[in-house]
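Novice: based on what follows, work out the 3D shape:
(chains A, B and C)
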Amino acid sequence: MRNRLAVLLPAWAWLLIFVAAPAGILGAIALAEADPGVPPFRLAWSTAGFAMLVADDYYLGAFLTALRIAAMTAGLCLAIAYPMAMGIARARPDRRLLLLALLMLPFWTGFLLRVGAWIGLLRDEGWINGLLQGLGITDAPLPMLYTEGAMLVGMVHAYLPFAVLPLFAAMLRLDPTLLEAAADLGARPAVAFATVTLPATAPAAAAAFLLVFIPAAGEFVIPELMGPSEANLVGRVLWQEFFQNRDWPVAAALAVSLLVLLLVPIRLFQRLEARP
Amino acid sequence: MTRGRFVRAALMAGLLFLWLPILLLVAYAFSADRIPFQWGGFSLRWFSALAANERLVEAALLSLRIAAGAATLAVLIGGAAGWALARFGPFRGRGVFGALIGAPLVLPEVVTGLSLLLLFVALETATGWPQGRDVLTVLLAHATLGAAFVAVVIQARLAETDRSLEEAAMDLGATPFTAFRTVTLPLIAPALAAGWLLAFTLSLDDVVIASFVSGPSGTTLPMALFAMLRLGLTPEVNALGAVIVLGVGAMLAVAALLLRPRRG
Amino acid sequence: MTALLRAEAITKRFGPTLALDALDLEIGQGEFFALLGGSGSGKSTLLRIIAGFETPDSGRLLLDGTDIAATPPWARPVNMMFQSYALFPHMTVADNVAYGLRRAGVKKAEAASRIAAALAMVGLAGFERRRPHQLSGGQKQRVALARSLVMRPRLLLLDEPLGALDAGLRERTGFELRALQRETGAAFVMVTHDQEEALALADRVALLDGGRIAQVGPPREIYERPASRFVARFLGAANVLEGRAAQDRFDCPDAGISCAGAIPADTVAIALRPERIRIAAAGEGPNTARGIVQDVAFRGDDSLVLVDLGGGATLRVAHPEEGGPPPDRGADVTLCWEAADVVPLPS
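Specialist: Predicted coordinates for the structure are as follows:
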């Protein structure tokens, strides 16, 4: 129908230009050769960029670190989010909205400001060290900022709300009579939780984990601002290759590799989301 | 029950973890001390310092303009895409269409940023447009990101809206366009507004994609803030944080008042 | 009866499924017509084709002799009451009813009086300013009716009109629907999966199966003289016995019985209604059977008796209250029926 075309054509055009084409170009440049011109590459069929990623432990390490940090962030988020989601789901319905607002509001205040706040808390002359020294617990500042711990705190803080939401939705969907049936059949609350609630919310927990893991694996800002200088996550390495070394083919190869690496978790996440 | 108490305590601790840094950031914005997060008596000096920081003010105004433009574009594209996905049935290429509109949701920011930059470079080489990268390229990139979110919001809203409402309108003599204007649009208006706000916020919050696709004349607020934070924290950042948090709070209060369920 | 709507060889496929298979149908002026069938029978597809929401792959759809198969829904003098009622949630009751009049460009003053009349007709005067979420299920149904009827359609389509109502409300609403149909003189075409509803409300019933019409006719005729095993089974409760036709006789070897009567040679099975079977003291020969009572269920004005004939065959027998107490479980009983009550089924 004509009406449909009027809606579909502009959308298709936009998606082909701004989503499909960039992906194709990214692939082409990952196979290009570095060249000291402007732009700094020459189109070719070269796998030199990818070969470098495999050959150099530096790049391999960047992927491994990124996956490890992302997994730790997602695990921590899941552990904190699970009881939080349960708390919100169990709250009186009129309170739920307020609790959800409290959960999501930090997201609306700006990501960088929250990172800035943590810097203010964690650095040597920051609020926590000031407090510790003021109370006489320590007499020299504890080095907290620019550690892996600081980086994890920052990332958990940034991604936590997104882990709570799918869990909350799953717990709200959980039929309370199932727990009553379990109790009726002789299950104590802890047993009912382990045999009913946990299995019923396991897919949502997996979705929450992946929802954090996927963006965290490519994270750049928090490692850059809060992590130790040697924490070379793949997002950070890509940035350096692109902005400092001006090696576009390697940066593109890193991006393509990261995508390929994330393909499995992304598909898994989409499958979980598509469940009824 | 002890487990109930544990869950409540965990919820409160989690919310405190989320809020404490933000509240401290805002509170210490009113401190006179030159070192952020040190109390040196009440003062508004950092707010005037912030207002006098032309670079930041300019970046903020630019960011607001980009965010408004990107959100508007995102609502148009994402709204159309969400509508097509929810209402057009199995049209040709639907799978690819859905994958493309949703891709920015799952792609790491560095990948989206890099690939869009490479697109703009390739476009310029091939067609001479866009000449260099600046405000427009950031706006287009942010619109693409925002459209993905808007499409999800609109598709979900339409999915829970009874499809026979539109059919009833047509049955009563409304053409598809009239049915859309008089029935569909009023019903999804809140979702469109929510999608616009979401796209607006995403644009205001983004530093990575903007850093890739921006040019010398397109320094957004997050880019400026990122540069400042790299060097450490200044009390001006506290002041900026206070302005944003209080501004967002005021906006949400107004929105809550406007959206408050009317009688009945 | 002059035909208002004629469907000629309507075929509709959805991918690999054949929803309607060269279906022919005639609906008369001012008739209350029911499309009855199970899910997947094609009844809803047919309704949506008449309304204009689906286009047939082939065939003609004639309204007053004009082919409307390609006319979009907004240009058809046909209106529909949706199963979900589809009341616009952001509009008041009055605005809902006014919606179609506004599209048709009816003048304000005339529209106001027509809206008032339509709401009065369904007993909802005074509800103009309410919103759909403030109405009960029955009230929503009436608003949906008023919204369609205010358009004065030649043909009103009703998709499961009683489906969403409580049992208590159904009977009353059914009578009201019939009264409205007589009052407006419009043809009503109702889709339902409930055979009681179809038999009770409609002047004529079409039973659909697999995109074809299995039988069409007045309720009594369909009920009394089902044309096939499918119809006999769908209309509920009839005993269907498979067997072989012989001259003036039909033998059911499984049940060990034979029926005498006017049996055409192409008969493959017979239908026997439970209320036509009597429990007798004794008897032998054709049109009788012997068996053991398997179970008895009290149903108010009668009892349903399940009789095991051996060989895997059971007969359902309705034993009326005035016939005395029903036999006990395990009792050895003799059953008999009239030759005229045997319905031969050709397919």
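
Novice: for chain B, what is the nearest residue in the stretch 1-150 of chain A?
Specialist: Chain B sits closest to A:G87 of the stretch 1-150 of chain A, with a gap of 3.0 Å, by CB to the nearest CB. All C-beta spots, glycine's among them, are computed from the backbone N, C-alpha and C.

Novice: what helix or strand is the nearest residue to that residue once chain neighbours are set aside on?
Specialist: Leaving aside its chain neighbours, A:G87 sits nearest to B:L11 (3.0 Å; criterion: CB to CB, 6 or more residues apart in numbering or on different chains). Using DSSP states H and E, B:L11 sits in helix B:2-27.

Novice: which helices and strands does that helix pack with?
Specialist: When contacts are defined as 3 or more CB pairs under 8 Å, 6 or more residues apart in numbering or on different chains; DSSP states H and E, helix B:2-27 sits against helix A:57-90, helix A:93-108, helix A:111-122, helix A:148-173, helix B:235-259.

Novice: would you mind finding the most buried of those helices?
Specialist: Mean neighbours per residue, mean count of other CB atoms under 10 Å in any protein chain shown, is largest over the helices and strands packed on helix B:2-27 for helix A:111-122, with a mean of 25.

Novice: how about it, does it reach chain B?
Specialist: Yes - interface with chain B: helix A:111-122 contributes A:111-121 (CB under 8 Å from any CB of the partner chain).

Novice: follow-up on the earlier one: compute the inter-axis angle for the helix holding B:L11 and helix A:93-108.
Specialist: Between helix B:2-27 and helix A:93-108, the angle comes out at 40 degrees (axes from the mean of the first three to the mean of the last three CA atoms, to 10 degrees).

Novice: list the neighbouring strands of the helix or strand where C:F188 lies plus their orientation.
Specialist: If you go by DSSP H and E, C:F188 is part of strand C:187-192. Using DSSP bridges, strand C:187-192 pairs in its sheet with strand C:32-36 (parallel), strand C:155-159 (parallel).

Novice: just give me how far the first one sits from the chain centre.
Specialist: Between the mean C-alpha location of strand C:32-36 and the chain-wide mean there is a distance of 6 Å, by CA atoms, centre = their mean, to the nearest Å.

Novice: ok, back up a step: go through the strands paired with strand C:187-192 and name the closest to B:L197.
Specialist: strand C:155-159 (38.1 Å; CB to CB).

Novice: write out the residues of the stretch 1-150 of chain C neighbouring chain B.
Specialist: Residues of the stretch 1-150 of chain C lying near chain B (CB under 8 Å from any CB): C:51-53, C:72-75, C:78-80, C:82-84, C:86, C:88-90, C:99-100, C:103-104, C:131, C:134, C:147-148.

Novice: do a quick rundown of the helices in the stretch 151-276 of chain A.
Specialist: Assigned by DSSP state H, counting those that start in this stretch, the stretch 151-276 of chain A shows helices spanning A:176-184, A:189-192, A:198-217, A:221-226, A:234-239, A:248-274.

Novice: B:V135 is in contact with B:G218, isn't it?
Specialist: Yes - counting by CB atoms under 8 Å, B:V135 does reach B:G218; the two are 4.8 Å apart.

Novice: closest point of the stretch 101-250 of chain C to chain B, which residue?
Specialist: Residue nearest to chain B within the stretch 101-250 of chain C: C:R103 (3.5 Å; CB to the nearest CB).

Novice: tell me, how many residues neighbour that residue?
Specialist: 19 (other CB atoms under 10 Å in any protein chain shown).

Novice: ok, now how distant is it from B:T178?
Specialist: Counting by CB to CB, to the nearest Å, the separation of C:R103 from B:T178 is 7 Å.

Novice: check A:S257 too.
Specialist: Taking CB to CB as the measure, A:S257 falls 51 Å from B:T178.

Novice: who has more neighbours, the two?
Specialist: Using other CB under 10 Å, the more surrounded residue of A:S257 and B:T178 is A:S257, with 20 against 16.

Novice: now do the contacts for that one.
Specialist: A:50, A:53, A:63 (CB atoms under 8 Å, 6 or more residues apart in numbering or on different chains).

Novice: now with 7 Å, please.
Specialist: The neighbourhood of A:S257, defined by CB atoms under 7 Å, 6 or more residues apart in numbering or on different chains, consists of A:L53.

Novice: and the pLDDT at it?
Specialist: Turning to A:S257, the model gives it a pLDDT of 94.

Novice: A:V191 too?
Specialist: Predicted confidence (pLDDT) for A:V191: 88.

Novice: burial count for it?
Specialist: Neighbours of A:V191 (other CB under 10 Å): 13.

Novice: SS state for the residue nearest to the residue of the stretch 101-250 of chain C closest to chain B when sequence neighbours are not counted?
Specialist: Nearest residue to C:R103, sequence neighbours excluded (CB to CB, 6+ apart): B:G173, at 3.5 Å. Secondary structure of B:G173, reduced to three states by DSSP: H, G, I helix; E, B strand; the rest coil: coil.

Novice: going along the chain, name the helices of the stretch 1-150 of chain B.
Specialist: With DSSP H, counting those that start in this stretch as the criterion, the stretch 1-150 of chain B has helices spanning B:2-27, B:45-52, B:54-87, B:94-106, B:109-127, B:135-159.

Novice: and the residues of helix A:111-122 next to chain B as JSON lines, adding pLDDT?
Specialist: Shown next, in JSON lines, are these (pLDDT from 0 to 100):
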{"residue": "A:F111", "pLDDT": "89"}
{"residue": "A:L112", "pLDDT": "92"}
{"residue": "A:L113", "pLDDT": "92"}
{"residue": "A:R114", "pLDDT": "92"}
{"residue": "A:V115", "pLDDT": "93"}
{"residue": "A:G116", "pLDDT": "92"}
{"residue": "A:A117", "pLDDT": "92"}
{"residue": "A:W118", "pLDDT": "94"}
{"residue": "A:I119", "pLDDT": "93"}
{"residue": "A:G120", "pLDDT": "90"}
{"residue": "A:L121", "pLDDT": "91"}
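
Novice: where in the stretch 201-347 of chain C is pLDDT low?
Specialist: Residue ranges of the stretch 201-347 of chain C with pLDDT under 70: C:237.

Novice: residue contacts, C:Q83?
Specialist: C:159-160, C:163.

Novice: shouldn't it be within a helix?
Specialist: No - under three-state DSSP, C:Q83 falls outside any helix and is assigned coil.

Novice: ok but A:L132 is inside a helix, no?
Specialist: Yes - under three-state DSSP, A:L132 falls within a helix.
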